[in-house]
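1. Need a 3D model of the sequence below.
(one chain, ligands or ions: 2)
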Amino acid sequence: MTELLTVVLAAGKGTRMQSTLPKVLHQVGGKAMLQQVLDAANDAGSKRNVVVVGFGGETVKTAIGTQAEFVVQTEQLGTGHAVAQAADLLKNIDGTVMVLCGDTPLLTGNLLKKLYDEHKKAGAKATVLTAIMPDANGYGRIIRTKAGAVEKIVEQKDAAPQELLVREVNSGIYCFECKVLFKALENLNCDNAQGEYYLTDVLEILNKSGEKVWAVTADNYEETLGINSRVQLAGAEKIIRQRKNIELMNQGVTILDPDSTFIDKNVQIGKDTIIYPFTWLEGETVVGEHCEIGPNSRFTNTKIGSFVTAHFSYGHDCELEDEVIVGPYVHLRPQTKIMKKVKIGNFVEVKNSTVGEGSKLPHLSYIGDADIGSGVNMGCGTITVNYDGKKKFRTVVGNDAFVGCNSNLVAPVSVGDGAYVGAGSTITKDVPPAALAIARQRQRNIEGWSDKRS
Ligand code: UD1
Ligand code: MG
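-> Ligands and ions are numbered 1, 2, ... in the order given. Purely as a prediction, here's the structure:
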């Protein structure tokens, strides 16, 4: 059996983006557009992806890494010329190559699979994916014979007035039989309005030599939309967010206001979790069941257990176990693990620390580079003094310890199991288990200090 492989065109500058970043690396739904295209190709069963790079090629290669092979198109002489750059790699392969553009982030694996299956079923040498556009402006038009067969594709700039009325357009996505494609590419010329080597001309060449050319029309034109400007980027973002929200709601997640909820493609959320407005869930974030997340919260690459409440808070690259309560106004920074039933809230920052089961950090604390046991109470305003200006040091607080309000724990330092720290202490020496440490000046009252007595 022959295998599906792809060539993804990504050499263009994307001038209308007005950006120093190559167009295909702009993100939609939290992922680079080119990555979305590769994901769709892989979902459709592609075994090998070749990306044609040009403008910003090194940046594109770094972003995609080993997921694809790369060929370089040094001068952008047109889509036909771009595909021809892959000739050395692919021209002798007995198989189907799907040509894709790196700027169509709304594609799905299902649509590409349908294109491939119908191409195979028809026994065609070339099959173009078409779409019926509400506004065909800018696209190549599909010109069919009276019998309905695809005769050729005419670019907007080369089209006759009659042809411009056609609303069936070329999506820029095709399946070709490899050997036939690369042979036809040798016969392209640039005798057209843009002076470019058009890939679209391959269809006319194949028709003329009696090869079968076929077309598949997408049910939903949105999937084939190409992004050329920031305005279109925002439009695609909206569609992709909407898709994700609908998928999650169908899986049993409540999203109170989908229009103000931003969830990246790879995020997973369990049943009966409620997402409140103005919530961003990004990257590889996973949320369990029966949680309440938001409003006004952002979690990036965060693992959240079940029955967690997190509101008005931000966490990134951290983990929250079941039944944790977070917020309002909490910042959880990388390498932080919050164990079961912990309560953190009201302006608390935690970094590179573990907080044991059932502990409380309820108000105004900075906890950095600390290992806090279970059942600990960190009083309001407790600070770990973890940095001496050169190095960071760890603080260890044992199980069931009680740290009084407004204390400084100057690391490296430990507070033993069941120990107490008196409010307002600055602790610089280890506190033994079950001891009470008080490290502050004893109060003096000086009588008669002022005459303001009522
Ligand atoms: C192309 C099609 C048009 C189709 C439209 C769909 C041709 C001649 N026209 O037009 O029929 O309706 O896509 O969006 O193919 N690229 C390169 N190297 C080049 C030129 C382009 O890699 O030398 C890449 C671009 O980065 C982009 C893709 O090919 O990803 C399409 O190129 P673009 O210039 O956008 O073609 P269109 O004019 O939109
Ligand atoms: Mg284009």
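2. Which elements pack onto the longest strand belonging to the chain?
-> Longest strand in the chain by number of residues (criterion: DSSP state E): strand 168-177. If contacts are counted by 3 or more C-beta pairs under 8 Å, 6 or more residues apart in numbering; DSSP states H and E, strand 168-177 sits against strand 96-101, helix 109-122, strand 126-132, strand 141-144. All C-beta spots, glycine's among them, are computed from the backbone N, C-alpha and C.
3. relative orientation of it and strand 96-101 in degrees?
-> Strand 168-177 runs at 140 degrees relative to strand 96-101, counting by axes from the mean of the first three to the mean of the last three C-alpha atoms, to 10 degrees.
4. for the record, mean pLDDT for the helix or strand just after strand 168-177?
-> Following strand 168-177 in sequence order, the next helix or strand is helix 178-185 (DSSP states H and E). Helix 178-185 shows a mean pLDDT of 96.
5. State the mean pLDDT of the helix or strand just after helix 178-185.
-> Where DSSP H and E defines the elements, the next helix or strand beyond helix 178-185 is helix 201-208. Helix 201-208 shows a mean pLDDT of 96.
6. Start at 745, not 1
-> All set: I'll call the first residue 745, so the last point we hit is now helix 945-952.
7. quick one: helix 945-952 near ligand 1?
-> No - counting by C-beta under 6 Å from any ligand atom, ligand 1 is not contacted by helix 945-952; separation bottoms out at 7.7 Å.
8. For that helix, buried residues please.
-> Asp945, Val946, Leu947, Glu948, Ile949, Leu950, Asn951 (16 or more other C-beta atoms under 10 Å).
9. quick one: contacts of it?
-> Residues outside helix 945-952 that contact it (C-beta atoms under 8 Å, 6 or more residues apart in numbering): 824, 869-870, 872, 894-897, 920, 924-925, 928-929, 931-933, 956-957.
10. now stretch 1045-1056
-> 1014, 1020, 1026-1041, 1043, 1059-1074, 1076, 1084.
11. Tell me where the stretch 945-1094 of the chain has helices.
-> Remark: helices assigned in the stretch 945-1094 of the chain by DSSP state H, counting those that start in this stretch are 945-952, 974-994.
12. Check which helices and strands the longest one is in contact with.
-> With contacts defined as 3+ C-beta pairs under 8 Å, 6+ apart, the secondary structure elements packing on helix 974-994 are strand 771-772, strand 998-999, strand 1005-1007.
13. now it, how far from the chain's geometric center?
-> 12 Å (C-alpha atoms, centre = their mean, to the nearest Å).
14. Could you list the residues in contact with it?
-> 761-762, 770, 772-773, 780, 849-850, 966, 969-971, 999, 1002, 1005-1009, 1011, 1013.
15. mean confidence for that helix?
-> Mean predicted confidence for helix 974-994 is 97.
16. does that helix come close to ligand 1?
-> No - applying C-beta under 6 Å from any ligand atom, one finds helix 974-994 separated from ligand 1 by no less than 11.0 Å.
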